[in-house]
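**Q** how does the following fold in three dimensions:
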Amino acid sequence: MTSNEERNRLPAVERDILFLHEELRKPQTVIAKILGVSQPTVNYRYKRARSRLEFFDQLPSVTSEEVRHVLGVLGTRTNDIEAMVLYLETNSQSEVARRMNTSQGAARYWILRVVEDHLAKDMREDDMHKRVRTACKMLASRPGIFNEPSKPGHSPKHQKIERRLSAAPKFRGRLVAGEPIQILDGIYGDLTGTLADISNEEMVIELRLESREITLRWPRRRP
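**A** Numbers count the residues shown, from 1 in each chain. Have a look, this model is predicted:
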């Protein structure tokens with residue numbers, strides 16, 4: 001699995017934090033201002049993102065066909081096989097339950113039954129059996145590693161933030177609505193957005209991150 005594929009499994013806000021911190025080299029205090037959260041939140045989400053990626057680096061690569069073959073050889077029940085295949089694909093017990101039209105408790109029971117009743121007794125040392133055994137055991141031992149916690153009834157997927165700047169930042173790009181504009185300084189430095197509007201009174205740039213749409217406005221001239 002490539003690094004980009006691994007990152008795409010992370011929540012959008014964690015992808016933003018990794019991009020801003022590791023690619024643009026912005027400190028956590030600046031990232032917090034950009035995203036509209038606290039610095040401790042940025043620090044927590046950054047560490048959680050790195051933990052998820054490190055986990056995936058250690059996870060053996062297996063295909064659904066390999067899992068079905070190995071579990072079939074071990075005489076695993078059909079529901080259990082389907083639950084484990086879906087879990088390896090989605091890394092979410094709630095998603096397994098939804099797709100199988102059952103409760104999350106039942107999905108969890110089927111997944112654990114694969115690990116505890118079948119894979120635990122599998123002594124085969126060929127490469128496929130070892131990879132499937134290791135991957136299933138690792139994911140079953142960390143059921144929440146890729147689940148994104150959210151507050152009940154409130155889990156916005158893409159937040160919109162509007163900021164009014166007191167002065168124009170330095171930028172590069174044509175002053176034509178719809179054209180790309182790169183901010184060159186300040187906390188938004190190195191971010192590229194779109195010129196949304198320009199008039200004699202103000203200029204508006206929209207920056208789009210994975211988790212945020214940030215609208216920047218500033219006066220073009222003082223009254």
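**Q** longest helix in the chain, please.
**A** With DSSP state H setting the assignment, residue counts place helix 39-58 as the longest helix in the chain.
**Q** what comes up buried for that helix?
**A** Thr41, Val42, Arg45, Tyr46, Arg48, Ala49, Arg52, Leu53, Phe55, Phe56 (16 or more other Cβ atoms under 10 Å). (Glycine included, C-beta is placed from N, CA and C.)
**Q** quick check: closest non-adjacent residue to the residue nearest to the spatial centre of the chain.
**A** Centroid-nearest residue in the chain, with Cα atoms, centre = their mean: Leu10, separated by 1.8 Å. Excluding the flanking residues, the one nearest Leu10 by Cβ to Cβ, 6 or more residues apart in numbering is Ala49, at 5.5 Å.
**Q** for that neighbour, what are its contacts?
**A** Neighbouring residues of Ala49 by Cβ atoms under 8 Å, 6 or more residues apart in numbering: Leu10, Glu14, Arg15, Ile17, Leu18.
**Q** pretty sure the first one sits in a helix.
**A** It refers to Leu10. No - counting by DSSP: H, G, I helix; E, B strand; the rest coil, Leu10 falls outside a helix, being coil.
**Q** correct me, but the residue nearest to the centre of the chain touches Leu53?
**A** Yes - between Leu10 and Leu53 there is a contact under Cβ atoms under 8 Å: 7.5 Å.
**Q** ok, then the element right after the regular element (helix or strand) spanning Met203?
**A** If you go by DSSP states H and E, Met203 is part of strand 202-208. Using DSSP H and E, the helix or strand that follows strand 202-208 towards the C-terminus is strand 212-219.
**Q** for the chain, which segments count as strands?
**A** Along the chain, counting by DSSP state E, strands occupy 159-164, 171-172, 180-183, 192-198, 202-208, 212-219.
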